[in-house]
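In: just need the structure, nothing else, for what follows:
(one chain, ligands or ions: 1)
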Amino acid sequence: QESQLLPNGRQYDYIVVGGGTAGIALATRLSQGLKSASILLIEAGPAALHEDGINVPGLKGSTLGGKYDWSFTTVPQTHLKNRTIFTPRGRVLGGTSAINLLTWDRAAAVEYDNWEAVGNPGWNWETMTAAMEKAETYVGGPPGSGASGPIEAVINRVVPVHQESFIPTVSNNFPIPFNPDSLQGNPIGVMYQPENIAPASYNRSYSANAYLPLAGGNLAVLTNTQVTKINLYKPPLRRLHRATGVVLANGTSITARREVILCAGAIQSPQLLELSGIGQRGVLGAAGIPQRVDLPGVGENYQDHLRVQVSYQLKDEFLAGDEINTNATFAAEEWAKRLRGEPGFYDDTGGGYVFADWKRVVPGGDDSALVGLARAAVGGSADVGHRKKLEMLDDARVPQVEVIFSDGYTGVRGYPPVGSELYGRGFFSLIAGLMHPLSRGSVHIDPANPGGKPVIDPRFVDNEYDMAGLVEILKFCRRIARAEPLRSVWVAEYEPGEGLVQTDEDWREYIRNTTLTIFHPMGTAAMLPRKDCGVVDSKLIVYGTANLRVADASIIPVEMSAHPQTAVYGIAERAAEIIITAHR
Ligand SMILES: Cc1cc2nc3c(=O)[nH]c(=O)nc-3n(C[C@H](O)[C@H](O)[C@H](O)COP(=O)(O)OP(=O)(O)OC[C@H]3O[C@@H](n4cnc5c(N)ncnc54)[C@H](O)[C@@H]3O)c2cc1C
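Out: Residues are numbered from 1 along each chain as shown. Next comes the predicted model:
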């Protein structure tokens, strides 16, 4: 595989921009399926296949904000006290699959069927589950799991003792069943989820180390190389633009004989479209970019899962993952275990999950107030995404809430500082997400610096449904923590602190001060009809072009109640099938 610069005008049949989650999977499948075609994959970041921070499951999160991260932030969020919210994205071969937190799950079947219902023939649970399973080998998974895909997934072999109380606490005290088979279209329940870890090495299994080795010699890979623009050409008397290639940051043009496929992710695929003159007139005009295709949906429809959390100080007899960061002797012993191939805290990734609809979360099961707030917020909207979200509120199969049992401290207040009384103590956190928030925002090029960091404005919590939903979620988390047997593992609520937050208004203030994202932006080059602000059609072709496609998290039309990577791999697998079929 190459990583040196190419001469100007070098030609390939297909150019895939972005060697991340989808880009590597797609380029690998194209190289396998189109043996006579030449394919170039271009990634802005370096290869880092031997990086412990990427490979070692227990070090997940350690690469955030570092050299493998684009480290974007949002603009100040009006409804969150003008806080800017950290928005990491992988800048490395493997993209965000190299830095994510390893959850391997799926949403409810109906959520994929919705993609077809909003105008995309052939995109539904049946086709997406087949594509997602093509990506996966779920070692020890229930019957029907993917058995021969490149990405290996497994339920984590390390479960800290205090975490064993999580599943019985939820299933015994709430109307939420234990569901060990949550990847088959019915995720409601409490369970361990698999994680994308290769059981033999106990390393992260991700696009760069699982797909790429399967590629043929017809795939060339350029790393440390940023694409700044797609070259477009409109033949005289033709309606559609043709993508003829890409321009690199050093000015080199590379030619694509057949297609250019954008896999630069939900933040940067729309950026590249805008840099190439595809998007809203106002956005392009402000940046001085001539418009080639008028496509108002580019960069709009930004959707993300809202995240809140509570943390508890463990009784001294329980050992938490925090110990690795505070006790060098313990860390060295655990590292030695890893080197010997033995299970230990460097494998620990948490892994307890609840997925539930509102009726299972709200005391007494009456969700009418929340549903009423949602209707009041967007009930009159003709927008297809909002309509689907309202429909899903009435569907008991669709999760509206996720709670993750996270071993160790993962809050906003910060781990107790060195020298303080609580330094060295262990914690657990309940991280919770609102699965279908109604807030939606945008990502656009910065008119002052179009090729630099984009302007991300998710408009988090801009409506009363999202706010009231987060209050319910936080109260639910506290009720879980106070129920047995979980109540018996902790001594005090560390964050927010029982004395500090008691009323709904206290919770609202806490939400304004601490809400984050679960890092799942999607929808910014949505696969929707053009009249509904779509950017790509159901063959993933950008409207107004003949041969420019987008295949990554940007195309997901309606936010789903799952961590997105399985869907993103599924999108790449389906994109490969579509392109290979079109080629023949
Ligand atoms: C911290 C974090 C934790 C997460 N945890 C989970 C989880 O546990 N489970 C889960 O399912 N999902 C998780 N996600 C989300 C999931 O990982 C992403 O949705 C998914 O990986 C996105 O894939 P993608 O192909 O759309 O984009 P990416 O994987 O981000 O790929 C885009 C690639 O394009 C490259 N690129 C961008 N612009 C250019 C350019 N101009 N030229 C060349 N290259 C370019 C980037 O460097 C990157 O490699 C998490 C995300 C984050 C940030």
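
In: residues from the stretch 401-550 of the chain in reach of the ligand?
Out: 519-520 (C-beta under 6 Å from any ligand atom). Heads up, the C-betas are built off the backbone N, CA and C, glycines and all.

In: closest residue of the stretch 401-550 of the chain to the ligand?
Out: In the stretch 401-550 of the chain, no residue comes nearer to the ligand than residue 519, which is 3.3 Å away by C-beta to the nearest ligand atom.

In: am I right that that residue is in contact with residue 90?
Out: No. Distance between residue 519 and residue 90: 10.5 Å, which falls outside the contact criterion (C-beta atoms under 8 Å).

In: which strands or helices does the strand or helix carrying residue 474 pack on?
Out: Take DSSP states H and E as the rule and residue 474 turns out to sit in helix 464-482. Counting contacts by 3 or more C-beta pairs under 8 Å, 6 or more residues apart in numbering; DSSP states H and E, helix 464-482 packs against helix 166-173, strand 306-314, helix 358-361, helix 368-378, strand 401-407, strand 427-434, strand 490-495, helix 504-514.

In: buried residues in that helix?
Out: 465-478, 480-481 (16 or more other C-beta atoms under 10 Å).

In: between the helices and strands packed on helix 464-482, which one is nearest to residue 124?
Out: Smallest distance to residue 124 across these (C-beta to C-beta): 22.9 Å, for strand 401-407.

In: sorry, back to before: need the helices and strands packed on helix 464-482 in JSON lines (columns: mean neighbour count and mean pLDDT).
Out: Output for those, formatted as JSON lines (neighbours: other C-beta atoms under 10 Å; pLDDT from 0 to 100):
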{"stretch": "helix 166-173", "mean neighbour count": "20", "mean pLDDT": "98"}
{"stretch": "strand 306-314", "mean neighbour count": "24", "mean pLDDT": "98"}
{"stretch": "helix 358-361", "mean neighbour count": "22", "mean pLDDT": "98"}
{"stretch": "helix 368-378", "mean neighbour count": "16", "mean pLDDT": "97"}
{"stretch": "strand 401-407", "mean neighbour count": "25", "mean pLDDT": "97"}
{"stretch": "strand 427-434", "mean neighbour count": "26", "mean pLDDT": "97"}
{"stretch": "strand 490-495", "mean neighbour count": "18", "mean pLDDT": "98"}
{"stretch": "helix 504-514", "mean neighbour count": "17", "mean pLDDT": "98"}
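
In: OK, contacts around the residue most central in space within the chain?
Out: In the chain, the C-alpha nearest the mean C-alpha coordinate belongs to residue 520, at 3.5 Å (C-alpha atoms, centre = their mean). By C-beta atoms under 8 Å, 6 or more residues apart in numbering, residue 520 lies in contact with 304-305, 553, 559, 563-564.

In: for these, which one is nearest residue 237?
Out: Distance to residue 237 across these (C-beta to C-beta) is lowest for residue 553, with 36.4 Å.

In: OK, contacts around the closest one?
Out: So residue 553 contacts 21-22, 265-266, 520-522, 564, 567-568, 571 (C-beta under 8 Å, 6+ apart).

In: repeat that with 10 Å
Out: Residue 553 sits next to 20-22, 96, 263, 265-267, 269, 520-525, 564-565, 567-568, 571 when contact means C-beta atoms under 10 Å, 6 or more residues apart in numbering.

In: quick one: which of those sit in helices?
Out: 21-22, 265-267, 269, 565, 567-568, 571 (DSSP state H).

In: want to throw these into JSON lines with pLDDT, distance to residue 584 and neighbour count?
Out: Output for the ones in helices among the contacts of residue 553, formatted as JSON lines (pLDDT from 0 to 100; distance: C-beta to C-beta, whole Å; neighbours: other C-beta atoms under 10 Å):
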{"residue": "21", "pLDDT": "99", "distance to residue 584": "26", "neighbour count": "31"}
{"residue": "22", "pLDDT": "99", "distance to residue 584": "22", "neighbour count": "36"}
{"residue": "265", "pLDDT": "98", "distance to residue 584": "29", "neighbour count": "26"}
{"residue": "266", "pLDDT": "98", "distance to residue 584": "30", "neighbour count": "30"}
{"residue": "267", "pLDDT": "98", "distance to residue 584": "34", "neighbour count": "22"}
{"residue": "269", "pLDDT": "99", "distance to residue 584": "26", "neighbour count": "30"}
{"residue": "565", "pLDDT": "98", "distance to residue 584": "29", "neighbour count": "26"}
{"residue": "567", "pLDDT": "98", "distance to residue 584": "26", "neighbour count": "25"}
{"residue": "568", "pLDDT": "98", "distance to residue 584": "25", "neighbour count": "31"}
{"residue": "571", "pLDDT": "98", "distance to residue 584": "21", "neighbour count": "31"}
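
In: which among those residues are in contact with the ligand?
Out: Restricting the ones in helices among the contacts of residue 553 to those touching the ligand (C-beta under 6 Å from any ligand atom) yields 21-22, 265-266, 565, 568.

In: with just CA atoms, put stretch 317-326 into PDB.
Out: Presented in PDB, the C-alpha positions along stretch 317-326 are these (Å, rounded to 0.1, in the frame of the first residue of the first chain):
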ATOM      1  CA  GLU A 317     -14.000  -3.400  48.800                       C
ATOM      2  CA  PHE A 318     -14.800  -2.900  45.100                       C
ATOM      3  CA  LEU A 319     -12.000  -2.400  42.600                       C
ATOM      4  CA  ALA A 320     -12.900   0.000  39.800                       C
ATOM      5  CA  GLY A 321     -11.000   0.800  36.500                       C
ATOM      6  CA  ASP A 322     -10.100   4.200  38.100                       C
ATOM      7  CA  GLU A 323      -7.400   2.400  39.900                       C
ATOM      8  CA  ILE A 324      -5.400   2.100  36.700                       C
ATOM      9  CA  ASN A 325      -5.100   5.900  36.600                       C
ATOM     10  CA  THR A 326      -4.300   6.400  40.300                       C
END
